[in-house]
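K.L.:
kindly generate the corresponding structure for this input.
(chains A and B)
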Protein chains: 2
Amino acid sequence: MYERTVFFLSDQTGVTAETLGHSLITQFDGHDYRQVTLPFIDSEDKAREAVRKIDKTGAEDSFRPIVFSTLVHPELRRIVKEAQGLHLDIFDVFLEPLEVELKQAPAHESGRAHGMSDINAYMKRIEATNFALANDDGGISRNYDMADVILVGVSRSGKTPTCLYLALQYGVYAANYPLTEEDFESGQLPDFLKQHVKKLYGLTIAPDRLRQIRKERRPLGKYSSAQQVRYELRESEKIFKKFGIPHVDTTEFSIEEISSRILDSTGVDRRVRP
Amino acid sequence: MYERTVFFLSDQTGVTAETLGHSLITQFDGHDYRQVTLPFIDSEDKAREAVRKIDKTGAEDSFRPIVFSTLVHPELRRIVKEAQGLHLDIFDVFLEPLEVELKQAPAHESGRAHGMSDINAYMKRIEATNFALANDDGGISRNYDMADVILVGVSRSGKTPTCLYLALQYGVYAANYPLTEEDFESGQLPDFLKQHVKKLYGLTIAPDRLRQIRKERRPLGKYSSAQQVRYELRESEKIFKKFGIPHVDTTEFSIEEISSRILDSTGVDRRVRP
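P.N.:
The predicted structure is shown next:
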């Protein structure tokens, strides 16, 4: 049994309610929350169904539920509020000041954010994702002319997930190239990278953390040995220094943070916005 | 010149402020907004720098800026409010009711959401991403025992970006398999899929939309011809019906929406939360 349930209600995906709620509840430690997302509440029936679920759960928990919601329609919002719980709704508090500021009534239409209202945004994200896949791990395409940024670093420093996140979230064209034994021995970068040295961005990571990640992949052998990991990281940092490549230590950062830091530091523009 | 600028301020990545702000401003049509994210405002100096940027921009625009912020530290929040603009801050309005409800003071520490507080969450997302890559396009691994869900559909119906989004956002293990000419001719699924028929989820799409997407890739030839596209979609829908595979038409949906609908419809649990 959980002591309390946090609900995320939405007439769409629930991504906004989840993001908002997560930012807030992580400010309060030591609670054992169950988290439940109820997306696509787009009719009065579904709103009443949500009320039943919330009340049923609340009756079983030790404390009443917390309900984060982003319901656009006033009538659905009214129904959902009948559920017993603490209700926190962004449209309740922020729509009115925006209405006053913009001297315009809100559309009260759902599906405007995260929706297909902009097919171009969808295409850009798909194309950026295809670009990241084709230019992953120094691979196939090496379409570096088209890249917004090229991540470099040792194996398992976080390059691939970061490139994919940049593509899916922001439509940014991110390639990546894994620094190799050959690069370390020569202290040089391949010519196809040197041409684009201004697009390079380095990822580094603490040796212990890298070992931990590599061991998940190959528990034994040189690849995850303390000596090898330290050697590769030391040499990669020498290369960053030699070529003036800005870099970030990813040890303490999530994929979102690494991505935001890259955009912030390079000045690369988001092609789409979430 | 833009008529108005929308700022997203954060002591962390800015993802929450962007998501919140986007949900709200898309309710008001016809405005020509410039969108600027100012992340990592984690010192009084940076807060003052943000104030300068906001005021400079506001002086150039026709209307004062709208400022969405998610600053945890009360002092930084106070400084930022000195900027001329409409300020909307989630911590201003939601922290107090939560404090009362939970009978606990908030940590006022930044970096709790989207942070590395949970290394397990990071590892799960990375592993799920590696899984998606290894099991993309019916490829290499076919580790379908481990899959939470296996997306099936014709080429370019949105399988790959959806799998990657499910992995990065939710840590869900999503494989995908492209239905082929052979499957259409036999009206059958390969045995390695039939074994996992309960994990299958279909993607379909309107013929015109699919043609448009395929033409971006290969403008000429059978691949993007009206006849071929209609044939493949018709046959794939027959297969969905024959094997009782739930499916969604992705034409009108963004990657977030497709992903949410899959989780909602299959009941697959999020392994991590954004």
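K.L.:
contacts only, for A:L151.
P.N.:
Shown here is A:L151, whose contacts under the criterion Cβ atoms under 8 Å, 6 or more residues apart in numbering or on different chains are A:K159, A:T162, A:C163, A:A174, A:A175, A:N176, A:Y177, A:L200, A:Y201, A:G202, A:L203, A:I262. Backbone N, C-alpha and C define where each C-beta goes, glycine included.
K.L.:
now with 10 Å?
P.N.:
When contacts are counted by Cβ atoms under 10 Å, 6 or more residues apart in numbering or on different chains, A:L151 touches A:132, A:157-160, A:162-163, A:166, A:174-178, A:199-203, A:247-248, A:258, A:262.
K.L.:
who does it form a beta bridge with?
P.N.:
Here A:L151 sits in beta bridges with A:N176, A:Y201, as judged by DSSP bridges.
K.L.:
how near is it to chain B?
P.N.:
Using Cβ to the nearest Cβ, to the nearest Å, one obtains 15 Å as the distance from A:L151 to chain B.
K.L.:
distance check, that residue against A:P246.
P.N.:
With distances defined as Cβ to Cβ, to the nearest Å, the gap from A:L151 to A:P246 amounts to 11 Å.
K.L.:
one step back: so which of the contacts of A:L151 are in strands?
P.N.:
Secondary structure assignment by DSSP state E places A:A174, A:A175, A:N176, A:Y177, A:P178, A:L200, A:Y201, A:G202, A:L203, A:H247, A:V248 of these in strands.
K.L.:
tally of neighbours for the second one?
P.N.:
Burial measure for A:A175: 29 neighbouring residues, criterion other Cβ atoms under 10 Å in any protein chain shown.
K.L.:
and if you look at A:R273?
P.N.:
18.
K.L.:
distance of it relative to A:L263?
P.N.:
Counting by Cβ to Cβ, the gap from A:R273 to A:L263 is 12 Å.
K.L.:
which neighbours do those two share?
P.N.:
Among the neighbours of A:R273, those also in contact with A:L263 (Cβ under 10 Å, 6+ apart) are A:Q169, A:Y170, B:T37.
K.L.:
residue contacts, A:F131?
P.N.:
In this structure, A:F131 makes contact with A:S141, A:N143, A:M146, A:A147, A:D148, A:C163, A:A167, A:G171, A:V172, A:Y173, A:A174, A:A175, judged by Cβ under 10 Å, 6+ apart.
K.L.:
just the residues you listed that are near chain B?
P.N.:
Restricting these to those touching chain B (Cβ under 10 Å from any Cβ of the partner chain) yields A:A167.
K.L.:
ok, the contacts of A:F131 vs chain B, which is closest?
P.N.:
Out of the contacts of A:F131, the one with the shortest distance to chain B is A:A167. That distance is 8.4 Å, counting by Cβ to the nearest Cβ.
K.L.:
now that closest one: closest residue in space that isn't a chain neighbour?
P.N.:
Computed as Cβ to Cβ, 6 or more residues apart in numbering or on different chains, the closest residue to A:A167 that is not its neighbour in sequence is A:A128, at 3.7 Å.
K.L.:
same question, A:E18
P.N.:
Counting by Cβ to Cβ, 6+ apart, A:E18 lies nearest to A:F8, which is 4.8 Å off, once chain neighbours are set aside.
K.L.:
relative to A:L200, how far out is the residue lying farthest from the centre of chain A?
P.N.:
Computed with Cα atoms, centre = their mean, the maximum C-alpha offset from the centroid of chain A is found at A:S186, amounting to 35.7 Å. Relative to A:L200, A:S186 is positioned 16 Å away (criterion: Cβ to Cβ).
K.L.:
what does the stretch 151-274 of chain A put close to chain B?
P.N.:
If contacts are counted using Cβ under 10 Å from any Cβ, the residues of the stretch 151-274 of chain A sitting beside chain B are A:156, A:158, A:160-162, A:164-165, A:167-170, A:209, A:212-213, A:216-217, A:250-261, A:263-265, A:270, A:273-274.
K.L.:
hmm, which of these are the buried ones?
P.N.:
Members of these that pass the buried threshold by neighbour count (16 or more other Cβ atoms under 10 Å in any protein chain shown) are listed as A:156, A:158, A:160-162, A:164-165, A:167-170, A:209, A:212-213, A:250-251, A:253-261, A:263, A:270, A:273-274.
K.L.:
which members of the residues you listed are positioned in helices?
P.N.:
In helices, defined here by DSSP state H, the members of those are A:160-162, A:164-165, A:167-170, A:209, A:212-213, A:255-261, A:263.
K.L.:
ok, back up a step: on the three-state scheme, the residue nearest to A:A167 is what?
P.N.:
Taken by DSSP: H, G, I helix; E, B strand; the rest coil, the conformation at A:A128 corresponds to helix.
K.L.:
for the stretch 51-200 of chain A, what spans make up the strands?
P.N.:
Per DSSP state E, counting those that start in this stretch, the stretch 51-200 of chain A has strands spanning A:66-70, A:86-89, A:149-153, A:174-178, A:200-204. These are given in chain order.
K.L.:
which positions within the third one qualify as buried?
P.N.:
Judged by neighbour count using 16+ other Cβ under 10 Å, the buried positions of strand A:149-153 are A:V149, A:I150, A:L151, A:V152, A:G153.
K.L.:
tell me which two in those are the farthest apart.
P.N.:
Taking Cβ to Cβ, the two most distant members of those are A:V149 and A:G153; they sit 12.6 Å apart.
K.L.:
so where is the stretch 51-200 of chain A shaky, pLDDT-wise?
P.N.:
Counting by pLDDT under 70, the ranges of the stretch 51-200 of chain A that qualify are A:111-118, A:140.
K.L.:
and the residue farthest from the centre of chain A, what does it touch?
P.N.:
A:T180, A:I239.
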